[in-house]
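**Student:** Got a predicted structure plus its sequence, pasted below:
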Amino acid sequence: MMGERRVDQAALFYTFSLEDHVPTNHLLRSIDRFVELEGLRAHLAPFYSAMGRPSIDPELLIRMLLVGYCFGIRSERRLCEEVHLNLAYRWFCRLGLEGAVPDHSTFSKNRHGRFRESDLLRQLFDMVLRRCMSEGLVGGEGFAVDASLIKAEANRERSVPGDPGLPPEASSRAIDEYLAVLDDAAFGGATPVTPKFISPVDPAARWTAANKGPAFFAYATNYLIDLEHAVIVDVEASTAVRPAELTAARTMIERVRDRHDLHPDRLAADTAYGSAEMLEWLVNDQGIAPHIPIIDKSGRTDGTFSRADFTYDRAADLYRCPGGKELKQYRRAFRADHPDTPPDDTYRYRASKIDCDACALKPECCPNGPARKVTRSIHEDARDVARDIARTDAYVTSRRERKKVEMLFAHLKRILRLDRLRLRGPYGARDEFLLAATAQNLRKMARLIPLQPAPAPA
């Protein structure tokens with residue numbers, strides 16, 4: 001028998017609790033345990049006036065932003081709508097049923113004002129990281145570093161050629177931020193190369209084709225992760241060029257040491273971080289074992305001997321060729337003020353022409369030259385350390401574990417939907433990367449630390 005809808009008089013009183021209507025297995029319930037914002041309120045206190053009308057609670061704004069980044073809600077206007085309608089979001093934001101959701105413009109005003117002035121989002125990231133450490137999710141023995149390109153909110157159609165630069169009349173907040181970081185090693189000072197195109201709406205974004213496809217404007221998000229549970233221990237925004245990524249890696253390693261007393265024994269990375277200067281810094285300045293493939297262009301493909309076929313005698317500072325002859329830097333004494341370090345950071349070891357002329361191996365060694373020459377970087381000792389590590393089983397393990405950082409980038413772009421930035425300028429990129437990394441760490445804790453069921457009533 002088909003029933004019919006009965007329209008009764010509405011009840012005069014309702015008993016409704018948000019707590020009862022949020023599922024026990026909801027992600028926000030697991031995350032809520034690790035969000036402790038009391039310290040952030042004290043951190044923000046000096047940036048609020050003691051007079052005037054009370055502002056919107058900054059804890060509400062932070063909780064709403066965490067909801068947005070945890071669930072891939074990219075628009076702040078849509079985020080306000082979702083928080084208004086979704087009971088779980090209201091519960092997490094402590095709004096209740098009748099709490100007013102702030103206007104979307106409030107986020108922009110606070111972001112460009114007191115949030116950046118107080119470095120609030122960095123403090124929030126550090127707070128979550130410290131909770132990860134206290135829960136035993138950060139081992140601190142092995143780290144991995146990598147960078148990934150994120151498209152900027154800029155397009156080719158509105159760009160200008162890089163050589164003339166920006167038009168004199170151009171003016172915006174993003175341009176002011178670009179001018180502020182012109183000498184920053186992670187942005188303007190990263191490379192002297194002029195980009196092919198510059199975007200007037202976001203000039204700090206770099207025109208790049210590093211993804212082997214159509215070129216686009218982008219920033220690079222740099223992650224430093226702990227290899228035990230793939231917890232992000234630091235994140236840094238940089239321009240999308242290789243030198244900036246190396247600078248960001250150094251900055252992150254030094255920052256986690258100073259802020260959190262984390263100093264890894266080994267660092268895993270791809271070949272992009274295998275430059276001689278980077279290996280020298282890791283081995284001799286930081287005491288970190290580089291589990292990194294080195295950038296080595298000494299191998300030959302014409303069938304002649306490569307540098308690996310020559311043996312270096314460290315005590316005598318010379319090479320010995322396969323024929324047993326010596327290659328030396330100098331064969332006569334120089335004046336006392338002769339520089340010890342070459343201007344290009346490369347030593348050159350040369351064989352004697354008399355030895356090469358009489359050698360039966362000359363066709364396999366230097367068929368087109370009078371004598372053989374071998375070069376050696378001033379950082380070759382650090383490169384040798386990396387070569388020795390590459391022969392160990394621990395190196396094989398690090399190469400496998402390094403893929404965890406690539407999985408985090410895939411999660412960032414596919415699940416959190418941060419494949420394109422919404423904010424412009426280097427500070428906007430930094431804010432988005434910090435919030436996304438904070439959300440990833442919160443989701444990591446929620447997954448690894450099960451929520452204990454509430455005790456049954458007696």
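**Tutor:** All right, it came through fine.
**Student:** check contacts around the nearest residue to residue 198 once chain neighbours are set aside.
**Tutor:** Distances taken as C-beta to C-beta, 6 or more residues apart in numbering place residue 162 nearest to residue 198, at 5.1 Å, with adjacent residues excluded. The C-beta positions use only the backbone N, C-alpha and C, and glycine is treated the same way. Residue 162 makes contact with 194, 195, 196, 197, 198, 207, according to C-beta atoms under 8 Å, 6 or more residues apart in numbering.
**Student:** Out of these, which comes closest to residue 186?
**Tutor:** Proximity of the contacts of residue 162 to residue 186 (C-beta to C-beta) peaks at residue 195, which lies at 15.5 Å.
**Student:** Run through the helices of the stretch 51-200 of the chain in chain order.
**Tutor:** 58-70, 76-85, 87-92, 105-110, 116-117, 120-134, 173-180 (DSSP state H, counting those that start in this stretch).
**Student:** Throw the ones you listed into JSON lines and include mean pLDDT, thanks.
**Tutor:** Shown next, in JSON lines, are the helices of the stretch 51-200 of the chain (pLDDT from 0 to 100):
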{"stretch": "helix 58-70", "mean pLDDT": "93"}
{"stretch": "helix 76-85", "mean pLDDT": "93"}
{"stretch": "helix 87-92", "mean pLDDT": "93"}
{"stretch": "helix 105-110", "mean pLDDT": "86"}
{"stretch": "helix 116-117", "mean pLDDT": "86"}
{"stretch": "helix 120-134", "mean pLDDT": "94"}
{"stretch": "helix 173-180", "mean pLDDT": "82"}
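**Student:** how far out from the middle of the chain is the lengthiest helix in the chain?
**Tutor:** Secondary structure assigned by DSSP state H gives helix 425-448 as the longest helix of the chain. Distance, stretch centre to chain centre, for helix 425-448: 11 Å (C-alpha atoms, centre = their mean, to the nearest Å).
**Student:** I'd like the mean pLDDT over that helix, please.
**Tutor:** The pLDDT scores in helix 425-448 average 95.
**Student:** Same check on stretch 238-246?
**Tutor:** Averaging pLDDT along stretch 238-246 yields 92.
**Student:** and what of stretch 404-420?
**Tutor:** So the average pLDDT for stretch 404-420 ends up being 95.
**Student:** how far does that stretch sit from the chain's center?
**Tutor:** For stretch 404-420, the distance to the chain centre is 12 Å (C-alpha atoms, centre = their mean).
**Student:** residues of that stretch that come out buried?
**Tutor:** 404, 405, 408, 409, 411, 412, 413, 416, 418 (16 or more other C-beta atoms under 10 Å).
**Student:** tell me which of the contacts of residue 162 is nearest to residue 44?
**Tutor:** Distance ranking of the contacts of residue 162 against residue 44, using C-beta to C-beta, places residue 198 first at 35.6 Å.
**Student:** Tally up the residues packed near that closest one, please.
**Tutor:** 24 (other C-beta atoms under 10 Å).
**Student:** mind listing what residue 413 touches?
**Tutor:** 148, 150, 419.
**Student:** ugh, typo on my part, it should be residue 215
**Tutor:** 156, 196, 207, 208, 209.
**Student:** Tell me what residue 420 is bridged to.
**Tutor:** residue 151 (DSSP bridges).
**Student:** ugh, wrong one, I meant residue 225
**Tutor:** residue 144, residue 232.
**Student:** Can you name the residues that contact it?
**Tutor:** Taking C-beta under 8 Å, 6+ apart as the test, what residue 225 contacts is 143, 144, 145, 231, 232, 233, 404, 405, 408.
**Student:** Switch these over to TSV; also include distance to residue 370.
**Tutor:** Formatted as TSV, those follow (distance: C-beta to C-beta, whole Å):
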residue	distance to residue 370
143	48
144	47
145	45
231	58
232	55
233	54
404	52
405	49
408	54
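**Student:** Could you say which helix or strand holds the residue most central in space within the chain?
**Tutor:** In the chain, the residue lying closest to the centroid (C-alpha atoms, centre = their mean) is residue 222, at 1.2 Å. If you go by DSSP states H and E, residue 222 is part of strand 216-226.
**Student:** now that strand against helix 425-448, angle please.
**Tutor:** For strand 216-226 against helix 425-448, the angle by axes from the mean of the first three to the mean of the last three C-alpha atoms, to 10 degrees is 40 degrees.
**Student:** Pull the contacting residues for the nearest residue to residue 108 once chain neighbours are set aside.
**Tutor:** Leaving aside its sequence neighbours, residue 108 sits nearest to residue 76 (C-beta to C-beta, 6+ apart; 7.7 Å). Residues counted as contacts of residue 76 (C-beta under 8 Å, 6+ apart) are 68, 104, 107, 108.
**Student:** From residue 351, how far out is residue 370?
**Tutor:** Counting by C-beta to C-beta, to the nearest Å, the gap from residue 370 to residue 351 is 9 Å.
**Student:** Between these two, which has more neighbouring residues?
**Tutor:** Neighbours were counted for residue 370 and for residue 351 using other C-beta under 10 Å; residue 351 has more, 26 against 12.
**Student:** quick one: that one from residue 298, how far?
**Tutor:** Taking C-beta to C-beta, one finds residue 351 at 16 Å from residue 298.
**Student:** now do residue 421
**Tutor:** Distance from residue 421 to residue 298, by C-beta to C-beta: 40 Å.
**Student:** which of those two has more neighbours?
**Tutor:** Neighbours around residue 421 and residue 298, counted as other C-beta under 10 Å, are more numerous at residue 421. The numbers are 25 against 12.
**Student:** No further queries at this time; thank you.
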